[in-house]
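1. Whatever this is, show me its structure:
(chains A and B)
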Amino acid sequence: GNSVTQMEGPVTLSEEAFLTINCTYTATGYPSLFWYVQYPGEGLQLLLKATKADDKGSNKGFEATYRKETTSFHLEKGSVQVSDSAVYFCALSAFYASGGSYIPTFGRGTSLIVHP
Amino acid sequence: DSGVTQTPKHLITATGQRVTLRCSPRSGDLSVYWYQQSLDQGLQFLIQYYNGEERAKGNILERFSAQQFPDLHSELNLSSLELGDSALYFCASSPRGDPSYEQYFGPGTRLTVT
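-> Just a heads-up that it's a prediction; the model follows:
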């Protein structure tokens, strides 16, 4: 079946450091890929997305490129802030032929802690 | 604020009981998704409804059921509750059933089964 693998956290960085959170996926066909962020006590909110190979999603200084050849969608940010401390989820939506529908699949989440 | 509302915010109940969680999607959104988030399983997709019809089914137990009403709000029914059902349950909505659309998540309902 489809799956998403994220690097385990927590990732601890100092303010203004460079961030990379790795995400690889397994899926048939051409899934849509997403990064969501969850702040404490809140629901998930979309950070960025990409719907086809080589697309780059970007938002609030974060970016990720859909790499079909390496089945990856790594999240990067050049200079993190304390306010970026949250849990980040990589996700995909792919077609399940057996069920005849698109199923969303989320990674386990990576906690990011940014110190001043 | 995503525009998605979920009630109740917290629910504490005993094993064997039945509970109903309610979700109101963003205005105009036709699709509703339900998820279960727990420490050991992560975020698991349960079920999706689109304009009143079941669209996709994930890891939903037979003890769980859901429906979407004509006004597009949705309810998730959990019965014969077990300790392992304790989790955060999220509802999300999307304008359409297209998988490339983003989902807007509600704040969640925290269920504790004792």
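2. Contacts only, for residue 42.
-> I'll assume chain A. B:Pro107 (CB atoms under 8 Å, 6 or more residues apart in numbering or on different chains). The way it works is simple: take the backbone N, C-alpha and C, and place the C-beta from them, glycine included.
3. my question was about chain B
-> Counting by CB under 8 Å, 6+ apart, B:Gly42 makes contact with A:Phe106, A:Gly107, A:Arg108, A:Gly109.
4. If we use 10 Å, what do you get?
-> B:Gly42 makes contact with A:Val4, A:Gln6, A:Phe89, A:Phe106, A:Gly107, A:Arg108, A:Gly109, B:Tyr35, B:Gln36, according to CB atoms under 10 Å, 6 or more residues apart in numbering or on different chains.
5. Next, count neighbours for residue 81.
-> The chain I'm using is chain A. For A:Gln81, the count of nearby residues is 13 (other CB atoms under 10 Å in any protein chain shown).
6. looking at chain B here, not the other one
-> Neighbour tally, B:Leu81, other CB under 10 Å: 20.
7. thinking again about what came up before, would you point out the most distant pair within the contacts of B:Gly42?
-> Largest separation among these by CB to CB: A:Gln6 and B:Gln36, giving 18.3 Å.
8. picking up where we left off before, which of the contacts of B:Gly42 ranks first by neighbour count?
-> B:Tyr35 leads those on contacts (other CB under 10 Å) with 27 neighbours.
9. from memory that one sits against B:Phe64, does it?
-> No. Using CB atoms under 10 Å, B:Tyr35 is not in contact with B:Phe64, being 11.9 Å away.
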